[in-house]
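Q: predicted model, plus sequence, below.
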Amino acid sequence: MVKFGERVKQLRLDAGMTQEQLAKRIWVSKAAVSNYELSERNPSPETIIKIAKVFGVTTDYLFGLEEKKQALDITGLPEEDIMFLQTAVDLLKKKNAARKTTKKQQD
């Protein structure tokens, strides 16, 4: 499993960001970012959330629990709209699962 620190460092480098720039965005010291990347220190839950928001990923992605970097920001949407989006996501997952099953049967 990918270590948290490795993921943070790779995301930071991919974004063309220095440790100091990331530190300023998440309100910690440059040394703290270095320690996170080296897995010498663990950030607080609040800082983990800030890191995820900076890079537009989920906390699960940061911890290597999922491989997709994508996160959908639903901040500010009413509950009704969130439920609509969840239903749409569920339908798309079913459609794609059925497509994979059909393809396997054809092969």
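A: That came in fine, so what should we check first?
Q: neighbours of residue 12, how many?
A: 20 (other CB atoms under 10 Å). All C-beta spots, glycine's among them, are computed from the backbone N, C-alpha and C.
Q: before we move on, what SS does the closest residue to it other than its chain neighbours have?
A: What sits nearest to residue 12 in space, not counting adjacent residues and going by CB to CB, 6 or more residues apart in numbering, is residue 22, at 5.3 Å. Counting by DSSP: H, G, I helix; E, B strand; the rest coil, the backbone at residue 22 sits in helix.
Q: now for residue 22, how many residues are close by?
A: So residue 22, with other CB under 10 Å, has 24 neighbours.
Q: cool, residue 23 as well?
A: 18.
Q: ok, now how distant is it from residue 40?
A: The gap separating residue 23 from residue 40 is 15 Å, by CB to CB, to the nearest Å.
Q: residues in contact with residue 34?
A: Residues near residue 34 by CB atoms under 8 Å, 6 or more residues apart in numbering: residue 19.
Q: what helix or strand is it on?
A: helix 30-37 (DSSP states H and E).
Q: list the buried residues for that helix?
A: For helix 30-37, the neighbour count (16 or more other CB atoms under 10 Å) marks 32-37 as buried.
Q: now find how far off-centre the helix or strand bottoming out on mean pLDDT in the chain is within its chain.
A: Lowest on mean pLDDT, DSSP states H and E among the helices and strands of the chain sits helix 79-106, with a mean of 85. For helix 79-106, the gap between its own C-alpha mean and the chain's C-alpha mean amounts to 21 Å (CA atoms, centre = their mean, to the nearest Å).
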